[in-house]
Structures are given as structure tokens and as C-alpha cells.
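**Student:** from the sequence below, what's the structure:
(one chain, ligands or ions: 1)
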Amino acid sequence: MRRVVIENAHVATVSGEEYPDGHIVVDGDRITAVGPGPAPEAGAGETERIDGTGCLATPGLVNSHHHLYQWASQGMAVDGTLFEWLTTLYKPWSKMDAEVVAGAATAGLAWLAKSGCTTSTDHHYLFPKGRGDLFAAEIEAAREIGLRFHPARGSMDRGESQGGLPPDEVVEDLDTILAETEAAIDRYHDPSPGSMLRVAVAPCSPFSVTRDLLVESARLARGKGVRLHTHLAETLDEEEHTREQFGMTPTEYMDSIGWLGPDVWLAHCVHLHDTDVKRLAETRTGTAHCPSSNARLGAGIARVSHLLEAGAAVGLGVDGAASAELVPLAGELRQAIYMQRARYGPTALSARQALEIATLGGARCLGREDEIGSLAPGMLADVALWRVDGFQAAVDDPVVALAFGPVPPLERLLVGGRTVVAGDTLATVPQDEAGRRGADAHRRLMRLAEEVL
Ligand SMILES: [Zn+2]
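**Tutor:** From the prediction side, this is the model:
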């Protein structure tokens, strides 16, 4: 079995101790030792030794909310509210095909890897007819880049004619959605330990799907033993919408149809009432916090510190690149800290709490805290090794340097023991090519969308 030994690094395990001069030993796809000082003597076999001098080792970051296809539609409706932005972008999105998704996902996942992400989810909820297998395209991109992947088969079934926000031509009907979602689970979901691919079920949002779709999606997901995801309480417009249509806040509405629970994680949760915070905590529902996207759309500041105080699971996410252009996941630590503090004061979120939501918190959202999100023997070998001996060296505490400073260079990124980034450069696909494929996807989508823009 192939062994990787990292020594002389500041090791932040997240779930336990920090070792200022520590080691990590990886055998195959698992961590077998973590501790202070040099690594225990290795037995026979091939060993790669990495000198971690000047580096901070953390668990690989977990991205808990994304829309990879949006890489192809960045920089549009830049001053719109969420609803204005969506109604502008539904048009070009209705023209996307599998080639657009493949290129966008390749660039988006490469970008995530470059900012220390080892596991990403993706929420894909738009499937225009006759444009190829979009879900397969992003799964293939994740395999190529080498990240652990939790794609969510999303959906919308409530178009304008039924009181929803999206135009009718971008929504699917309930039966098609359920059949396609079940087929995606059967084809791709791997529940086995160490899995690189798990599928979730994800109707898009309360203002774009019917109550029936939410109820039937929960039934399907629970029958199959997969997780549920959606957007919730992102903007005040949404609360207005659910109050008008259902007479409830978004959280109350979801609660009323069995959509809160330990197998559910929700993107945003910006506009929560005290009772909502309490319900999310007591039902062990996860929240994916996307601070840059919330700021870019002027949506508001999520009550992350209150959710954490209440004991709720909170992960970090970049959200789609169309509402948070080129945001690096590691940079969201600082963004989360700054926004919490700007609103709730200087003790609202610490550097170590931010690192924890970006790792273990995200793992909890995905139901994988027993395998990823911390560094301990038996965990999967998903490790980010950050260089903090350059400009960052002027800050004594390397966790503070990572959380408060700009994203440091990545000396190494391991996913299941496999090198995905080395020397701050993508190792699995030529980095420039990944960027080019993303730009090509953008140009292709703009060409396909010419008639509707
Ligand atoms: Zn989103």
C-alpha cells in the first residue's frame, strides 16, 4: 500500500489537538497516524515523504453549496436582487447543454481544488430538454479533477403560469423529475465507505417548485437513503412569497412538509426568526453558509453565530460563480468572519470556528463527519497543506494567517491520499487547460443564448 508521510508541519486536526510541529501518516486512502513530532518509523513499502516545514496542515475544505454550470454565466446582472438576477439568467441557462456543463464544471472544480477543497457538492436544477446528459457531464468532470463529489439532482416544476418565478420553458414536470432523479441515484450513488460519489435530491427553492415535488422528493430520498438539499430563506422576497402563497415563513413551510431533519441541509438561511434557528438546531438540519454570494446579491448576513450557539450544523459554500465570481473557498473563511463581526461584533466568529465550519461543519451537512472534515487515524486522507512561510509568516498563528489573510499557496492537496494539487498547481489536469475549458463553456453558452439575450 502506498504511504505518504507529512512531517514538520503545524497540524490543525479541527476535531482535537493542534500540533505546532506535527506529522500525518497516510496509508492508501486513509490517515493512519497524526501527532506531535516526527512520524513513527515506517515499515517496508513505497513511501513519499513531504517536508511540511513552513506549512499548515488542515483537513481538506468541504464546499457545501455550489452550481458549477454557472461558471459559464459569470458577470451578468451584476446589480440585481436575487429575483432580478434569476429572471435575467434563466434565459441563457435555458440554452445550456452538456458541453457547457462539462467545461464549466471542469474549471469550477479546478478552482475549488486550488483553494483547498477536497469535497464539493453541486446543486444542478436546470435540465433543458434534448441537450445531452448534464448530470453525467459534471460527474465526469469531478472524476477527472479528482475531487470527492456530492452532486445533487435538482429540479424546478413551478413556472410562471403556476405562480413560480422561473419561465415555464425551464421547468420539468413532476413525473419526469422523480423518474430522472431516481435513475441518477441508481446509476451513480455510492454509499460505500470512502465513497467518491454520493447523490442528493434537491428541488431548487420554495418559489420555483410545488409542494408536491418537495413531498415526493423527500419520500424518494428517504426511501433510497440519500440526502435532501435546497435553498432556503435567502432573501426577504422569498419570505414575502411564502407568506403570501402558504401563510408561513420559509422555515415553517419546510417544517410543515417534513423537510427539516438530520438528512437535510439548506443553502443560505439568511433570514431566520429565533424560532427558525431553534428548529434548525433541534431537528439537526444543516445550513450551507455562502457569505460572498449573499453579499454580492445584497441578500443579507446569515445568523451563523446564532446557529452555531444553538448547536446547528453549519458548513461553508462558494455558491454558483454567477452570484460570486471566482470566489476561492478558502477565502470564504475571512468573508464569513468579517460579515459575522460586522453585524454581531468581534467575538461573533473566530478563526478556528471558521476553519471548523469549512471542514467538519461541511462534512456534517453531507453526513460524512465520520470520514472527512478532520484529521485523525481512520479518517479519509483528504488533507490541505498550506504554505504559510511567505508573506503569511509575519503572522505567528498559522490558523489566523489562513483565516484572516489572503489564500496562501497550496503546497499539496490530497484527496483519499492522491495528489490533486502540488506546488500550488493542479496536478490532475493541466491547470491552464482547465481554465480554458471554463472560458470556452462561457463563450459557447453566450453563442447558444444569443437569440434570447
Ligand atoms: Zn445556490
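**Student:** tally of neighbours for Arg450?
**Tutor:** Heads up, residue 450 is Glu, not Arg. For Glu450, the count of nearby residues is 9 (other C-beta atoms under 10 Å). Every residue, glycine included, has its C-beta placed from N, CA and C.
**Student:** next, give phi and psi for it.
**Tutor:** Main-chain dihedrals, Glu450, degrees, to the nearest 10: phi -50, psi -40.
**Student:** OK, contacts around Leu134?
**Tutor:** Contact partners of Leu134, counting by C-beta atoms under 8 Å, 6 or more residues apart in numbering, are 69, 96-98, 101, 124, 127.
**Student:** give me the subset of the residues you listed that lies in helices.
**Tutor:** Under the assignment DSSP state H, these contribute 98, 101 to helices.
**Student:** which one is the residue in the stretch 301-450 of the chain that the ion sits nearest to nearest to, not counting chain neighbours?
**Tutor:** As assessed by C-beta to the ion, the ion sits closest to Asp319 within the stretch 301-450 of the chain, at 4.8 Å. Excluding the flanking residues, the one nearest Asp319 by C-beta to C-beta, 6 or more residues apart in numbering is Ser293, at 3.5 Å.
**Student:** hmm, the one you found is touching Ala322, no?
**Tutor:** No. Contact criterion C-beta atoms under 8 Å: Ser293 and Ala322 do not qualify, at 9.2 Å.
**Student:** next, count neighbours for the nearest residue to Leu272 once chain neighbours are set aside.
**Tutor:** Spatial nearest neighbour of Leu272, chain neighbours left out: Arg303 (5.4 Å); criterion: C-beta to C-beta, 6+ apart. Residue neighbour count, defined by other C-beta under 10 Å, stands at 28 for Arg303.
**Student:** how close does Arg303 sit to Ser64?
**Tutor:** Separation of Arg303 from Ser64 (C-beta to C-beta, to the nearest Å) stands at 17 Å.
**Student:** and what of His229?
**Tutor:** His229 sits 9 Å away from Ser64, going by C-beta to C-beta.
**Student:** give me the more crowded residue out of these two.
**Tutor:** More neighbours surround Ser64 than the other of His229 and Ser64, with 34 against 31 (other C-beta under 10 Å).
**Student:** between His229 and Ser64, what contacts are shared?
**Tutor:** Counting by C-beta under 8 Å, 6+ apart, the contacts common to His229 and Ser64 are 121, 265, 267.
**Student:** who touches Gly286 in this structure?
**Tutor:** Gly286 is in contact with 64, 264-266, 312-315, 361, 364-365, counting by C-beta under 8 Å, 6+ apart.
**Student:** now with 10 Å?
**Tutor:** For Gly286, the contacting residues are 64, 227, 229, 261-267, 269, 280, 307, 312-315, 361-367, by C-beta atoms under 10 Å, 6 or more residues apart in numbering.
**Student:** before we move on, back to that, can you count the residues close to the residue of the stretch 301-450 of the chain closest to the ion?
**Tutor:** 29.
**Student:** ok, it touching Asn63?
**Tutor:** Yes. Between Asp319 and Asn63 there is a contact at 9.4 Å, judged by C-beta atoms under 10 Å.
**Student:** pull up the overlap in contacts between these two.
**Tutor:** Any residue near both Asp319 and Asn63 by C-beta under 10 Å, 6+ apart counts here, and that gives 288, 290, 332.
**Student:** any of the residues you listed buried? List them.
**Tutor:** 288, 290, 332 (16 or more other C-beta atoms under 10 Å).
**Student:** which residue, other than its chain neighbours, is closest to the second one?
**Tutor:** This points to Cys290. The shortest distance from Cys290 to any non-neighbouring residue, by C-beta to C-beta, 6+ apart, is to Asp319 (3.9 Å).
**Student:** report the secondary structure state of the one you found.
**Tutor:** coil (DSSP: H, G, I helix; E, B strand; the rest coil).
**Student:** neighbours around the residue nearest to His231 when sequence neighbours are not counted, how many?
**Tutor:** Leaving aside its sequence neighbours, His231 sits nearest to Ser205 (C-beta to C-beta, 6+ apart; 4.1 Å). For Ser205, the count of nearby residues is 28 (other C-beta under 10 Å).
**Student:** distance of Ser205 from Pro166?
**Tutor:** Counting by C-beta to C-beta, the separation of Ser205 from Pro166 is 10 Å.
**Student:** shared neighbours of those two, which are they?
**Tutor:** Taking C-beta under 10 Å, 6+ apart as the contact rule, Ser205 and Pro166 both touch 86, 125, 156, 158.
**Student:** for the last one, which non-adjacent residue is spatially closest?
**Tutor:** Of all residues not flanking Arg158 in the chain, Gly164 sits nearest, at 3.3 Å (C-beta to C-beta, 6+ apart).
**Student:** before we move on, which element is the one you found in?
**Tutor:** In the assignment (DSSP states H and E), Gly164 maps to no helix and no strand.
**Student:** now swap in Val215 and tell me
**Tutor:** Per DSSP H and E: Val215 is located in helix 211-224.
**Student:** buried ones in that helix?
**Tutor:** 213-214, 216-218, 220-221, 224.
**Student:** need the three-state assignment for the residue nearest to His231.
**Tutor:** Here Ser205 is coil, with the state taken from three-state DSSP.
**Student:** residue contacts, it?
**Tutor:** By C-beta under 10 Å, 6+ apart, Ser205 lies in contact with 82, 86, 125, 154, 156, 158, 164-166, 230-234, 238, 241-242, 250, 266-268.
**Student:** ok, back up a step: and the very next helix or strand once past the helix holding Val215 with helix 211-224, angle?
**Tutor:** Per DSSP H and E, the first helix or strand lying C-terminal to helix 211-224 is strand 227-232. Here strand 227-232 runs at an angle of 150 degrees relative to helix 211-224 (axes from the mean of the first three to the mean of the last three C-alpha atoms, to 10 degrees).
**Student:** what's strand 227-232 packed up against?
**Tutor:** When contacts are defined as 3 or more C-beta pairs under 10 Å, 6 or more residues apart in numbering; DSSP states H and E, strand 227-232 packs onto strand 117-124, strand 148-155, strand 200-203, helix 211-224, helix 236-246, helix 250-256, strand 264-268, strand 286-289.
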